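In: build me a structure from this.
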Amino acid sequence: AYELGIADKLVMADQSLPPWVNHNGKLHPLPKGRGGKGPKGQLELLFGPNGVAKFALTGELLTWPGKIRAGIGALVGHAGAPESEETIRQWVTR
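Out: As a prediction, the model looks like this:
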């Protein structure tokens with residue numbers, strides 16, 4: 001923004017509020033913890049008032065197949081990046 005000369009037009013969000021995404025003209029809250037470290041912070045992120053569990057069960061941003069896929073990805077993980085450079089085609093198909 002500074003390089004483009006539009007820094008004076010930036011509007012900063014209140015950090016105490018949850019982040020939101022506008023999708024198809026509707027605002028959807030995203031999960032946000034309070035930044036706590038360790039197990040307590042992780043539990044708050046999962047089960048807090050704006051946690052991942054509430055987002056997964058009641059949120060409308062993802063479809064149920066998308067929620068299931070995200071849950072599986074969180075539990076199983078994903079393949080790591082290969083050791084050497086790869087093309088976009090290789091990255092998309094791995």
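
In: following element in sequence after the helix or strand of the chain with the lowest mean pLDDT, please.
Out: Lowest by mean pLDDT, DSSP states H and E among the helices and strands of the chain is helix 38-47, with a mean of 78. Following helix 38-47 in sequence order, the next helix or strand is helix 52-58 (DSSP states H and E).

In: buried residues, that following helix. List them.
Out: Going by neighbour count (16 or more other CB atoms under 10 Å), the buried part of helix 52-58 is 52, 55-56. C-betas here are computed from N, CA, C, even on glycine.

In: just put those residues in JSON lines and tack on distance to residue 5 and pLDDT.
Out: Listed next are the buried residues of helix 52-58 as JSON lines, based on distance: CB to CB, whole Å; pLDDT from 0 to 100:
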{"residue": "52", "distance to residue 5": "39", "pLDDT": "81"}
{"residue": "55", "distance to residue 5": "37", "pLDDT": "81"}
{"residue": "56", "distance to residue 5": "41", "pLDDT": "83"}
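
In: what's in contact with the helix ranked longest in the chain?
Out: With secondary structure taken from DSSP state H, the chain has its longest helix at helix 64-76. For helix 64-76, the surrounding residues in contact (CB atoms under 8 Å, 6 or more residues apart in numbering) are 56, 62.

In: now do that helix, average pLDDT.
Out: Regarding helix 64-76, the rounded mean pLDDT is 83.
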